[in-house]
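Enquirer: Output the structure for:
(one chain, ligands or ions: 2)
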Amino acid sequence: MKNFMRGLAFWILIFMAGVFLWQQLGQQKKIVDLPYSSLKQLISAERVSDIIIRNNMITGTYLDDKKTPVDFRTVPVSDPELVKDLETHNIKFSGEPEKNMWSNFLWYFGPVILLVVFWLFMMRQMQAGGKQAMSFGRSRARRQDGSGKQKITFKDVAGVDEVKEELEEIISFLKNPKKFQKLGGKIPKGVLLYGAPGTGKTLLAKAIAGEAGVPFFSSSGSEFVEMFVGVGASRVRDLFEQGKRSAPCLLFIDELDAVGRHRGAGIGGGHDEREQTLNQLLVEMDGFDTKEGVILIAATNRPDVLDPALLRPGRFDRHISVASPDLKGREEILNVHTRSVKLAKEVDLNIIARRTPGFVGADLANLVNEAALLAARKEKESVQMDDLEEAIDRVIAGPQRKSRLISDREKRIIAYHESGHALIAKLIPGSDPVHKVSIIPRGPALGYTLQLPLEDKYLTGKNEIIDKMTVLLGGRVAEQLIIGEATTGAHNDLGKATDLAHKMVREYGMSDKLGPMTFQKREEEIFLGRDIAREKVYSEKTAELIDGEEKALIDQCLARAQKLLKDNVDKLNLLANKLIEREVLEGDEVELVLSGQALPPMIETPVPAKAEEAPVKVEAVKEGTKSEKPKNKQA
Ligand code: ADP
Ligand code: ZN
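Expert: Ligands and ions are numbered 1, 2, ... in the order given. Alright, predicted model coming up:
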């Protein structure tokens, strides 16, 4: 069928070309070349019947000696008299835009050619897309070759040494599949990388391909989820076919959870497009053999929602966690990303690493980039420490909004709000040191208070959470105490505090009344697309109890914050007034203000803070934004 159609198209083209040539040649036969002087004579003799004047050619008809019309052509010379002559002898003449053989050809046949080309293109698409018309069913996988200039290797991935070790084996397999088969080694078909967004999962997959020197096909789970039923499945099929054609190679599926969610879930349930796609994925994974040298790597940040069938042996049976980097890892990542950046000599990346707990690789890459841009904007020769410091703030809270106008009344409210947070943090022994308080708007936040833990934390105690909630409520309590009413600025704090209370009661088993049990939130279950039947894990009575316990926790923290601020209202005033004056207070300045000492005069450009000062930043108490991701780990 395909060949027949193609052949037909070919013959149509040949036919058209033939017709055209015949016309051209037929015309040319009768044309006589006239010298210009002869033309002038003929005009004077009034033997020319009509004439067409073009830029580079004059054509027309004249009557020869026997009075029979003859077509002629003449190369024109620059002759301003010509038109006058023609007029005096009353000869019909006209001009015409230039035309050559090719433009003639295109003029007559252009549309037909376009149609034929388009039609051929469609035919090809149909063939390639399997049963799907056009390109709907084709995988959108982007191919990157594991060689070439911008090849990514393990050198570009830092801070994930354990992961690299685990992946070593896959690289040596891809490099030489035959060797492995001879020894009967069993290679995992699929590797699942899971971890928070931006931890470098995609980068790792690319690096594997780069190290092994094999092609890399990347696609994203969300590309497989389309409006039309069957399209996703067809794309999966196509991806695997592509892989088999280019073996040995590496297929990468980002956001596996977009296709790989638990089946039989979601409202409406039953067969939907996603389910078909997932089934196709399972079929393909069973159908191919690692002997072919194709390895599938997928990434997700929600391994918990994946369908268990995906994780069974023979499918994604190797699970590797890509964790957020620790201090050493962060420093290494900073080193990687500053390789191509000109750093000032005084820059100590260790300090930056210590200030950025909770930052993932993508944040750090972003930080370095921001710092370079800042330095360039200030027309510096190299990136200095204060650029990097400023970049940290930017990455956390977005750029400073200098232009935003804030009324004095609002400024006062924000200052009291932030002072409330900061003062409570200072008053509660053992809470994370206050690193910075600012009422300069940044990103969506109107002000912020940065508290920096002294080290990375993986476990948090009950009292610590209660302290944190008290600090969070401090902003609103201060507003109420001084201004007399609450404002909308605190909604983000309240959201965080409520969330902590939820988690304490439902997840961490920290409620005395309910005991050490977990109670998953219902909405979450449905959202994840799990079995709705499992929804009701506790009784109505327990639900009431949970609500009561959560409320009690909040009330307890609120009362505590109120008492703390009431008892220290003078300090609150002191701090807020200083904040209105200075807009930003560093941790040590807060200390000075609270102990009633005078602050050193303001310096224009702040000197970069030193290493021994609060080493890290995290957990910005920001106002008016919901969209930031938690930067600290809680267990
Ligand atoms: P994920 O796929 O986990 O969401 P990516 O691999 O897309 O994350 O990471 C985004 C970017 O962040 C990378 O292109 C890289 O510049 C940077 N990055 C992330 N992790 C690392 C790391 N471990 N080492 C170096 N750079 C990293
Ligand atoms: Zn606040």
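Enquirer: can you tell me the helix or strand for residue 250?
Expert: strand 249-254 (DSSP states H and E).
Enquirer: Okay, buried residues for stretch 23-43 please.
Expert: Neighbour counts over stretch 23-43 (16 or more other Cβ atoms under 10 Å) mark 34, 39, 40, 42, 43 as buried. Yep, even glycine has a C-beta here, placed from its N, CA and C like the rest.
Enquirer: Sorry, wrong one. I was asking about stretch 55-62.
Expert: Neighbour counts over stretch 55-62 (16+ other Cβ under 10 Å) mark 58, 59, 60, 62 as buried.
Enquirer: Go ahead and produce CSV holding the CA coordinates of stretch 577-592.
Expert: Only the C-alpha atoms of stretch 577-592 are listed here, as CSV (Å, rounded to 0.1, in the frame of the first residue of the first chain):
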residue,chain,number,x,y,z
ASN,A,577,11.2,50.2,66.7
LYS,A,578,14.7,49.3,65.8
LEU,A,579,13.4,47.2,62.9
ILE,A,580,11.3,50.1,61.6
GLU,A,581,14.5,52.2,61.7
ARG,A,582,16.9,49.6,60.2
GLU,A,583,14.6,47.3,58.3
VAL,A,584,17.0,44.4,58.6
LEU,A,585,18.6,43.2,61.8
GLU,A,586,21.2,40.4,61.9
GLY,A,587,21.2,37.9,64.7
ASP,A,588,23.8,39.6,66.8
GLU,A,589,22.1,43.0,66.3
VAL,A,590,18.9,41.5,67.7
GLU,A,591,20.9,40.4,70.7
LEU,A,592,22.3,43.9,71.2
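Enquirer: Give me the distance from whichever strand or helix holds residue 426 to the chain's centre.
Expert: Per DSSP H and E: residue 426 is located in helix 408-427. How far helix 408-427 lies from its chain's middle: 36 Å, per Cα atoms, centre = their mean, to the nearest Å.
Enquirer: which is the next helix or strand following it?
Expert: Counting by DSSP H and E, the next helix or strand C-terminal to helix 408-427 is strand 434-438.
Enquirer: Got the domain ranges for the chain?
Expert: Each structural domain of the chain that the record assigns through automatic domain parsing is listed here as a residue range: 2-101, 142-321, 327-395, 408-529+537-634.
Enquirer: can you redo the ones you listed as TSV with mean pLDDT and distance to ligand 1?
Expert: As requested, the domains of the chain are arranged in TSV below (pLDDT from 0 to 100; distance: least, Cβ to the nearest ligand atom, whole Å):
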stretch	mean pLDDT	distance to ligand 1
domain 2-101	77	40
domain 142-321	81	3
domain 327-395	89	2
domain 408-529+537-634	78	12
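Enquirer: where does residue 205 land in three-state SS?
Expert: Here residue 205 takes the helix state, with states given by DSSP: H, G, I helix; E, B strand; the rest coil.
Enquirer: Sorry, wrong one. I was asking about residue 214.
Expert: coil.
Enquirer: so it sits right up against residue 251, yeah?
Expert: No. Applying Cβ atoms under 8 Å as the test, residue 214 and residue 251 come out as separate, 10.6 Å apart.
Enquirer: Compare these two (neighbour count), which wins?
Expert: Applying other Cβ atoms under 10 Å to residue 214 and residue 251 shows that residue 251 carries more neighbours, namely 27 against 23.
Enquirer: pretty sure that one contacts residue 239?
Expert: Yes. Contact criterion Cβ under 8 Å: residue 251 and residue 239 qualify, at 6.3 Å.
Enquirer: For the stretch 101-250 of the chain, which residue gets nearest to ligand 2?
Expert: Proximity of the stretch 101-250 of the chain to ligand 2 (Cβ to the ion) peaks at residue 196, 24.7 Å away.
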